[in-house]
Structures are given as C-alpha cells and as structure tokens.
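Sequence first, then the predicted structure:
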Amino acid sequence: MDFTNINPEQVLNTCGLSCPMPLLKTKKALKGMKSGQILEILGNDPGSKNDIPTWGNKGSNEFLGMTDIDDGVTRYFIKKG
C-alpha cells in the first residue's frame, strides 16, 4: 500500500517507549479523535508490530497498514471507526 498519500489528522510518536505504552497511548489518542479520522503512530518497539495491527482492527476501527522507515522506526495507520 502507498502511504505517501495518507494525510493523518494526528501523529503520535511512541519511539523509545516499550510495551505496553505504545498501545496505551494509541488507545488514548484515538479516543480524542472523530470517526473517519486517521492516526499515524511512529514507534520502534518490536512488540508493537503485533499489538497495534491486532488492536487496530478491533471494534469499529480499521488498521490501514504499516511501513518500516529509517533507524528501526515503523509507521502505523489506524482509521477511527
């Protein structure tokens, strides 16, 4: 998937945080967003590669995908349901 055309309403940087903090911060950020808005999460915790996609598809939210970028950082995209 081409993520260059996604314009998230909010970007959450969880780099340097370890499990479970990236997921907890993601949940909190999504709570404050409106339905249809997109959250981009930046993170470098290896556990997040499983946690965020799995959780991102729960409820009415939609996990749009993830891509690795420089220095071990991964970008995740979730659309609030």
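Yep, it's here.

residue ranges of the strands in the chain, please?
10-13, 38-43, 62-68, 74-79 (DSSP state E).

counting contacts, what elements does the lengthiest helix in the chain pack onto?
The single longest helix within the chain, with elements called by DSSP state H, is helix 21-31. Using 3 or more Cβ pairs under 8 Å, 6 or more residues apart in numbering; DSSP states H and E as the contact test, the elements touching helix 21-31 are strand 10-13, strand 38-43, helix 48-56, strand 74-79. The C-beta positions use only the backbone N, C-alpha and C, and glycine is treated the same way.

Taking strand 74-79 as reference, get the angle to it.
Per axes from the mean of the first three to the mean of the last three Cα atoms, to 10 degrees, the angle that helix 21-31 makes with strand 74-79 is 30 degrees.

List the buried residues in helix 21-31.
For helix 21-31, a neighbour-count test (16 or more other Cβ atoms under 10 Å) marks 22-23, 25-26, 29-30 as buried.

low-confidence ranges in the chain?
Flagging of the chain using pLDDT under 70 yields the residue ranges 1.

and the residue of it positioned farthest from its centre, what is it in contact with?
Most distant residue from the mean C-alpha position of the chain: residue 71, 17.4 Å away (Cα atoms, centre = their mean). Contacts for residue 71 were tallied using Cβ atoms under 8 Å, 6 or more residues apart in numbering; they are residue 44.
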